[in-house]
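[1] what shape does this take:
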Amino acid sequence: AVCEIGSLSERRIAMLVDPALSGMPAFLTPKPGLNSGFMIPQVTAAALVSENKQKAYPASVDSIPTSANQED
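    Numbering: from 1, shown residues only. Sure thing, here's the model as predicted:
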């Protein structure tokens, strides 16, 4: 259950930092492109979700998109 809560939380962060979904500046920074804003925390959250899933479901294969759904 905790693994799924972490996954949901990461997706909420991803939605907040994606201007197409939130209507806010990219990565919640006033100067997108110059500052990374919340890009690194979102990537870190995605990495932690993958690690949690690996520990909870060792046989599963999963992918988490990052950088406003440009990378996985």
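[2] the nearest residue to residue 21 once chain neighbours are set aside in helix, strand or coil?
    Spatial nearest neighbour of residue 21, chain neighbours left out: residue 15 (4.7 Å); criterion: C-beta to C-beta, 6 or more residues apart in numbering. Quick note: C-beta positions are derived from backbone N, CA and C, even for glycine. Secondary structure for residue 15, judged by DSSP: H, G, I helix; E, B strand; the rest coil, is helix.
[3] hmm, residue 15 is touching residue 22, no?
    Yes. If you go by C-beta atoms under 8 Å, residue 15 and residue 22 touch, sitting 6.1 Å apart.
[4] what residues are shared contacts of these two?
    Common contact partners of residue 15 and residue 22 (C-beta atoms under 8 Å, 6 or more residues apart in numbering): none.
[5] quick revisit: next, count neighbours for the residue nearest to residue 21.
    In terms of burial, residue 15 registers 12 neighbours under the definition other C-beta atoms under 10 Å.
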